[in-house]
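**Q** Provided below are the primary sequence and the corresponding predicted coordinates.
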Amino acid sequence: MLELGQIEGLDRVLVLPQVGSTNDYARQVLDAEPGSWGAFNLIATDTQTRGRGRLDRIWLAPAGKNLALSFLIRPLFSTQTLPLEGYHWLGSLAALALADSLGRMGVAASLKWPNDLLIGQKKLAGILTQLLPEKEGGYALVVGLGLNVNLEAAELPVEGATSLLLATGRPHELGALAGEIASSFAAYYRAFEAAGWNPQIPLDLDGRQASLLERLETQTSTLGRRVTLHLPGGQQVQGVAEGLTPGGELELRADSGEIRAYRVGDLVHLRPAES
């Protein structure tokens, strides 16, 4: 079973020996006992049997191999109101926190818009955010993070995936890694809150004066690449990802020359031969 010690910045930590989905479990416990959960909480396991990613893709955590972390965040406890349209930034905070944690381990990772973490061009982790209605009004948010840690090549869920074991050549202790990620995410959350939830104000974090938006632009390897964006409804757009808008949308210059901003979509990085 996953073992976690005290983690700075978290109100409550719950470790489960096994669960179908940490995101689903977060929804259940918030409904059942809202008074037991503070502003920033973690539900964690190393054995997940019915996890889901974006577009209802299956993501499993075989026993002792991967991390499934769900952060139950309740902005209603904040001293400053986070507008509902700003909730999507919390998934970006989680992605940056994970990338920073890996960087401190000597692992260079980048973000693939909107929610994946890559080593090279191989997927290491995915993030899924879900709104949860609060009984007293407003919304909580669950930010689910699935990370391939100690998988061998034959155990990878899909072609194009990787794990920390394969990237570094050594196994990793799951409890220490989970604690590092959670502590990093909590620090990002508090810094973003102190910045008034404004993605363009520098964050008081790690000694580097850069806003959330600037950090995302630096870390996102999608920018400058040719991509195919699969839109809801089956449409596709191919072109060059040129930047991020102040609201976090992806600016895409289509092959037709038209530039549009997109908030949602399933994105594929194109290799030179595919371009």
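**A** Cool, the structure landed.

**Q** Please go through this protein and pick out the longest strand.
**A** Identified as the longest strand of the chain according to DSSP state E is strand 122-133.

**Q** C-alpha coordinates for it, PDB please?
**A** Listed next in PDB are the C-alpha coordinates belonging to strand 122-133 (Å, rounded to 0.1, in the frame of the first residue of the first chain):
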ATOM      1  CA  LYS A 122       5.900   9.900 -25.300                       C
ATOM      2  CA  LYS A 123       3.100  10.400 -22.800                       C
ATOM      3  CA  LEU A 124       4.100  10.000 -19.100                       C
ATOM      4  CA  ALA A 125       1.000  11.400 -17.400                       C
ATOM      5  CA  GLY A 126      -2.500  12.800 -18.000                       C
ATOM      6  CA  ILE A 127      -4.700  15.100 -16.000                       C
ATOM      7  CA  LEU A 128      -8.500  15.200 -15.900                       C
ATOM      8  CA  THR A 129     -10.500  17.900 -14.100                       C
ATOM      9  CA  GLN A 130     -14.100  17.600 -13.100                       C
ATOM     10  CA  LEU A 131     -16.500  20.100 -11.500                       C
ATOM     11  CA  LEU A 132     -18.400  18.900  -8.400                       C
ATOM     12  CA  PRO A 133     -21.400  20.800  -7.200                       C
END
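
**Q** Can you list the helices and strands that that strand packs against?
**A** Applying 3 or more C-beta pairs under 8 Å, 6 or more residues apart in numbering; DSSP states H and E, one finds that strand 122-133 contacts helix 22-32, helix 89-104, strand 116-119, strand 139-148. Yep, even glycine has a C-beta here, placed from its N, CA and C like the rest.

**Q** Beyond the least confident helix or strand in the chain by mean pLDDT, next helix or strand please.
**A** Ranked by mean pLDDT, DSSP states H and E, the weakest helix or strand in the chain is strand 58-61, scoring a mean of 56. Counting by DSSP states H and E, the next helix or strand C-terminal to strand 58-61 is strand 66-73.

**Q** quick one on the thing from earlier: quick check: buried residues in the longest strand of the chain?
**A** Of the residues in strand 122-133, 123-130, 132 count as buried by neighbour count, 16 or more other C-beta atoms under 10 Å.

**Q** The helices and strands packed on strand 122-133: which one's closest to Q200?
**A** helix 89-104 (11.2 Å; C-beta to C-beta).

**Q** So what touches the closest one?
**A** 71, 73, 108-111, 114-115, 117, 125, 127-129, 141, 143, 145, 147, 164, 177, 180-181, 184-185, 187-189, 192, 197, 199, 206, 212, 215-216, 219, 248 (C-beta atoms under 8 Å, 6 or more residues apart in numbering).

**Q** try 6 Å
**A** 109, 111, 117, 127, 129, 141, 143, 145, 180-181, 184-185, 188-189, 199, 215-216, 219 (C-beta atoms under 6 Å, 6 or more residues apart in numbering).

**Q** Need the buried ones from the residues you listed selected in ChimeraX.
**A** Buried residues among these (16+ other C-beta under 10 Å), as a ChimeraX selection:
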select :109,111,117,127,129,141,143,145,180,181,184,185,188,189,199,215,216,219
